[in-house]
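Chemist: No letters, just coordinates:
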């Protein structure tokens, strides 16, 4: 059970419609949903990414993905989040910039777990095993993954 939330955004420049988008999100309303429990982690790294307010909108303008959950806390709250969340593709791309060198062609696999709320500081971690570079972004304590990926 739930409700669809439709948000229509329009941008006018000099009284002329320059951009319009419609975002539809489903907000689940059922109570007592089971929460997925991740195994305990203790990731250690000295690489911290600082994600300031406004970065979701900046990346959205560059990527042409202006989704209300990334723009501001009020629009993200309409969709059921506690504040704006960072784009998963930004997090993945930012992480890849830390990995060098990458041989092409390559295979990239990523699994996203939890949103990265803005503003935030997150922990980047990588290790090489089994011929692959495994990496991800975790909460700053290294105990909860936001996403994990591998590249070969």
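Modeler: Cool, the structure landed. If you're wondering where the values come from, they're calculated on a predicted model, not measured in any experiment.
Chemist: Okay, now the unreliable bits of the protein?
Modeler: 1, 23-41 (pLDDT under 70).
Chemist: Show me the strands in it, by range?
Modeler: 2-13, 16-28, 47-51, 108-112, 120-129, 132-139, 145-151 (DSSP state E).
Chemist: Stretch 44-57 spans what distance, first to last residue?
Modeler: 30 Å (CA to CA, to the nearest Å).
Chemist: again, but for stretch 46-65
Modeler: With CA to CA, one end of stretch 46-65 sits 31 Å from the other.
Chemist: What of stretch 107-127?
Modeler: Stretch 107-127 end-to-end distance (CA to CA) = 16 Å.
Chemist: Only the buried residues of that stretch, if you could.
Modeler: For stretch 107-127, a neighbour-count test (16 or more other CB atoms under 10 Å) marks 110, 112, 115-118, 120, 122-126 as buried. (Each C-beta comes from the backbone N, C-alpha and C, glycine too.)
Chemist: what's the answer for stretch 131-140, then?
Modeler: Quick answer for stretch 131-140 (16+ other CB under 10 Å): 133-139.
Chemist: Name the surrounding residues that touch that stretch.
Modeler: Residues from elsewhere that reach stretch 131-140 (CB atoms under 8 Å, 6 or more residues apart in numbering): 41, 43, 48-49, 91, 95, 98-99, 116, 121-128, 144-152.
Chemist: for the buried residues of stretch 107-127, which one is nearest residue 87?
Modeler: residue 116 (8.8 Å; CB to CB).
Chemist: do you know how far the closest one is from residue 89?
Modeler: Here residue 116 is placed at a distance of 12 Å from residue 89 (CB to CB, to the nearest Å).
Chemist: Next: residue 3.
Modeler: On the measure of CB to CB, residue 3 and residue 89 end up 27 Å apart.
Chemist: So for those two, which sits in the more crowded spot?
Modeler: A count of neighbours by other CB atoms under 10 Å puts residue 89 above the other of residue 3 and residue 89, at 13 against 10.
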